[in-house]
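Trainee: This is the structure alone, sequence omitted:
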């Protein structure tokens, strides 16, 4: 299947700092990527849809100024958690559909811990 | 956001046993996907279903797309220790690269020797 990578795999930061997470499609181009958040022992919750060359679409209840998304190329989307606080600590996962759009592939996730 | 209901929530089985889990929705989906997630990793696609009534196998795994388009099940035969993990169903209304997925609540599988 298609390969999606994320960087970093984990990050620890102080409260108030901003953290950038990268999501790359390695062997296909993705005009659309998706960002999810997963709390311990819970399911994945969609945060936003990242659109190449245009603004991201955020799900209800997700602060767009808090979670900045940039999709500058067909293989890279970034999620920046601005002014991070301990409650933002979570597992962040991105995904993209392959070129046929039939199946969704996920990155390995980024564990964010805000102290 | 909306979530699909998965059952059971968790299962403890012995190695060699067969496993069955299902996923139900109050609304219809046109695609059903089944994923497995290991701790600290992203979900890995197991089986994709695109047509109501479709039955698809992938090794020891078999999944079916319910005829009403509101449910799907996943069976694992002759379970082995590496089957341990959390299994998620996911549905989407549309195909196409921009189509969103709605996830199930997950089934946690434990396999004992």
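Mentor: Everything's here; your move. In this text, all values refer to a predicted model and were calculated from it rather than measured experimentally.
Trainee: what about the residue of chain A most remote from its centre, which SS state?
Mentor: In chain A, the residue that sits farthest from the middle, by CA atoms, centre = their mean, is residue A:100; the gap is 21.3 Å. The local conformation at residue A:100, judged by DSSP: H, G, I helix; E, B strand; the rest coil, is coil.
Trainee: Over to residue A:87?
Mentor: State at residue A:87, reduced to three classes by three-state DSSP: helix.
Trainee: how many neighbours does it have?
Mentor: Applying other CB atoms under 10 Å in any protein chain shown, we find 8 other residues in the vicinity of residue A:87. C-betas here are computed from N, CA, C, even on glycine.
Trainee: For residue A:8, which residues are in contact?
Mentor: Shown in contact with residue A:8 (CB atoms under 8 Å, 6 or more residues apart in numbering or on different chains): A:21, A:110.
Trainee: List the backbone torsions phi and psi for it.
Mentor: phi -80, psi 170 (degrees, to the nearest 10).
Trainee: ok, it to residue A:111 distance?
Mentor: Distance check for residue A:8 against residue A:111: by CB to CB, to the nearest Å, it reads 9 Å.
Trainee: correct me, but residue A:104 touches residue B:45?
Mentor: Yes - between residue A:104 and residue B:45 a contact is recorded at 7.2 Å, counting by CB atoms under 8 Å.
Trainee: bridging residues for residue B:87?
Mentor: Applying DSSP bridges to residue B:87 yields these beta-bridge partners: residue B:36, residue B:107.
Trainee: For chain A, see how far away it is.
Mentor: Per CB to the nearest CB, to the nearest Å, residue B:87 is found 11 Å from chain A.
Trainee: Low-confidence stretches in the chain?
Mentor: You didn't say which chain, so I picked chain A. Within chain A, the segments meeting pLDDT under 70 span A:1, A:99, A:101.
Trainee: um, chain B though
Mentor: Using pLDDT under 70, chain B drops low at B:1-2, B:97.
Trainee: Right, I'll call it a day here.
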